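Peer 1: would you be able to build a 3D model of this:
(one chain, ligands or ions: 2)
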Amino acid sequence: MQTNFSNEQLKDKDNKSSEQILRKCVHCGMCNNTCPTFILLGDELDGPRGRIYLIQDMLENERKPSANVVKHIDRCLSCYGCMTTCPSNVNYMHIIDHGRKYIEKNYQRPFFDRLIRNALSKILPNVKLFKIMSYLAKIGKPFQFFLPSKIKNMMDLIPSSFPKKILKTKEIYKTKYKKKVARVALLTGCVQKELSPQINESTIRILNRHGVEVVVPEKIRCCGSLNHHLGKNDDAHQDFINNINIWYDQYLKGNLDAILSNTSGCGTTMKDYGFIFKDDKEMKKKAKKISELTKDVSEYLSESLNLKFKSKEKKLRIAYHSACSMQHGQKIHSQPMNLLEKTKNEILEIPEGHICCGSAGTYNILQSKIAKQLLKNKVKNIESLKPQIISTGNIGCITQIANVRIFQYFIL
Ligand code: SF4
Ligand code: SF4
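Peer 2: Ligands and ions are numbered 1, 2, ... in the order given. Below you'll find the model as predicted:
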């Protein structure tokens, strides 16, 4: 694609990097074929190619974003299905991140939109605030009929009670079963550790059982992806820097073999820390190392440990839902499938499995109409398999699909 950035504009590091990405795009439009919003809405501007044009136009002409441009950019799920399809390796993830950052800086959203986005940005990464909100949501539930739809959507996703934690909160979970074979750090997440503490607990148990010591540094915060995708750069960077410094410190003193994420949305952002800080003299080296060390838990279990499962007599039908951040963001698909295969149950691939379930971070709150349609399609495809269990590796997808209240869910 031809670009027309001036030399002055290219002095900006974000423009320079986006320009290199934009030049790779050959306008072929193949990406539209796998874009959930293009498939649903049929509008060129709701597909990746159209959004790339809109972002390029804003950046090159230093144009103030219009409400219409913002609408089409906001409708992007950041599912990265387009990146899997693109034959030219266009890094759409970095283009849309830049577009969102530009919009956040140069566009004044309507008051209510700002309010809700600011609330999400502050509440979701903060466990204490999230618990207070869930308490208030419980009180307000009978009156939610009178509330605006975005607040209702948020309330629908907040549970009225939280599961009990079984494992005591500690900084180091030592392996008791055999000689230590590795030492890893685990990102326990922000909302996830309250919504589904069993995910972290089972992750720690399976690692400990296979000789892996698990470190959970106390001061680690949200991975930053939520704010990053809302275009809230300053808030996201505070979390990025905090986490990178703590993990790097652990790496220097403690021989960290890997940093594990058991929610693929977080892992995708952590693997991108290296790119995000590539022009930052102080953080560059550390961020790159942290990204290199980051692995999804399924990747680590499948590649670094020789797991064996006892075979059961009764086989279960397990549908594997591959989260977009897992299959498109991190290009991980065979590893979780291989692990599930080892359980000797019947593992089923979901038809149209490359299409998003509509969760996408805060998308199901901010763009609920599209999210609900995507969920409906996903559930129809899952139901066609008649599974007894649905397995997935991302808390957002678990919450979204479980919210249908038809299925049980299971995480390895
Ligand atoms: S990230 Fe997903 S929704 Fe956004 S343009 Fe790409 S395929 Fe479409
Ligand atoms: S598939 Fe890739 S090269 Fe083709 S239009 Fe989409 S982003 Fe551009």
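Peer 1: need the nearest residue in space to Y320, chain neighbours excluded.
Peer 2: Counting by Cβ to Cβ, 6 or more residues apart in numbering, S391 is the residue found nearest to Y320 once chain neighbours are left out, at 5.2 Å. Just so you know, the C-beta spots here come from the backbone N, C-alpha and C atoms, and that holds for glycine as well.
Peer 1: ok, the one you found to I382 distance?
Peer 2: Distance, S391 to I382, by Cβ to Cβ, to the nearest Å: 11 Å.
Peer 1: for H321, same thing?
Peer 2: Note on H321: its distance to I382, by Cβ to Cβ, is 7 Å.
Peer 1: quickly list what's touching both of the two.
Peer 2: Each of 350, 390, 401 lies in contact with both H321 and I382 under the rule Cβ atoms under 8 Å, 6 or more residues apart in numbering.
Peer 1: closest one to K232 out of the residues you listed, please.
Peer 2: Closest approach between those and K232, by Cβ to Cβ: I401, at 27.0 Å.
Peer 1: what about stretch 34-41, near ligand 1?
Peer 2: Yes. Interface with ligand 1: stretch 34-41 contributes 35-37 (Cβ under 6 Å from any ligand atom).
Peer 1: which residues touch G140?
Peer 2: Residues near G140 by Cβ under 8 Å, 6+ apart: 147, 155.
Peer 1: quick one: it and ligand 2, what's the gap?
Peer 2: Counting by Cβ to the nearest ligand atom, to the nearest Å, the gap from G140 to ligand 2 is 43 Å.
Peer 1: and if you look at Y363?
Peer 2: Separation of Y363 from ligand 2 (Cβ to the nearest ligand atom) stands at 21 Å.
Peer 1: wait, doesn't that residue sit right on L77?
Peer 2: Yes. Between Y363 and L77 a contact is recorded at 5.5 Å, counting by Cβ atoms under 8 Å.
Peer 1: and the strands in the protein?
Peer 2: Remark: strands assigned in the chain by DSSP state E are 172-173, 182-187, 212-215, 258-261, 294-296, 317-320, 346-349, 389-391, 409-410.
Peer 1: each with direction, which strands does the fifth one pair with?
Peer 2: Think strand 294-296. According to DSSP bridges, strand 294-296 forms sheet pairs with strand 258-261 (parallel).
Peer 1: in PDB, list the C-alpha atoms belonging to the strand it pairs with.
Peer 2: Output of strand 258-261 as PDB, limited to C-alpha atoms (Å, rounded to 0.1, in the frame of the first residue of the first chain):
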ATOM      1  CA  ALA A 258       9.000 -19.200  32.000                       C
ATOM      2  CA  ILE A 259       6.200 -16.800  32.800                       C
ATOM      3  CA  LEU A 260       2.900 -18.500  32.400                       C
ATOM      4  CA  SER A 261      -0.500 -17.100  31.600                       C
END
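Peer 1: average pLDDT for that strand?
Peer 2: Mean pLDDT, strand 258-261: 98.
Peer 1: ok, stretch 203-222 next?
Peer 2: Rounded mean pLDDT across stretch 203-222 is 94.
Peer 1: same deal with stretch 286-302?
Peer 2: For stretch 286-302, mean pLDDT is 97.
Peer 1: go through it and flag the buried ones.
Peer 2: Using 16 or more other Cβ atoms under 10 Å as the test for burial, stretch 286-302 gives 286-291, 293-302.
Peer 1: what residue ranges in this protein score low on pLDDT?
Peer 2: Applying pLDDT under 70 to the chain flags residues 178, 312-313, 405-412.
Peer 1: counting neighbours, what do you get for the one residue in the stretch 251-400 of the chain that gets nearest to ligand 1?
Peer 2: When scored by Cβ to the nearest ligand atom, the stretch 251-400 of the chain has C356 as its residue closest to ligand 1, at 6.6 Å. Number of residues near C356 (other Cβ atoms under 10 Å) recorded here: 27.
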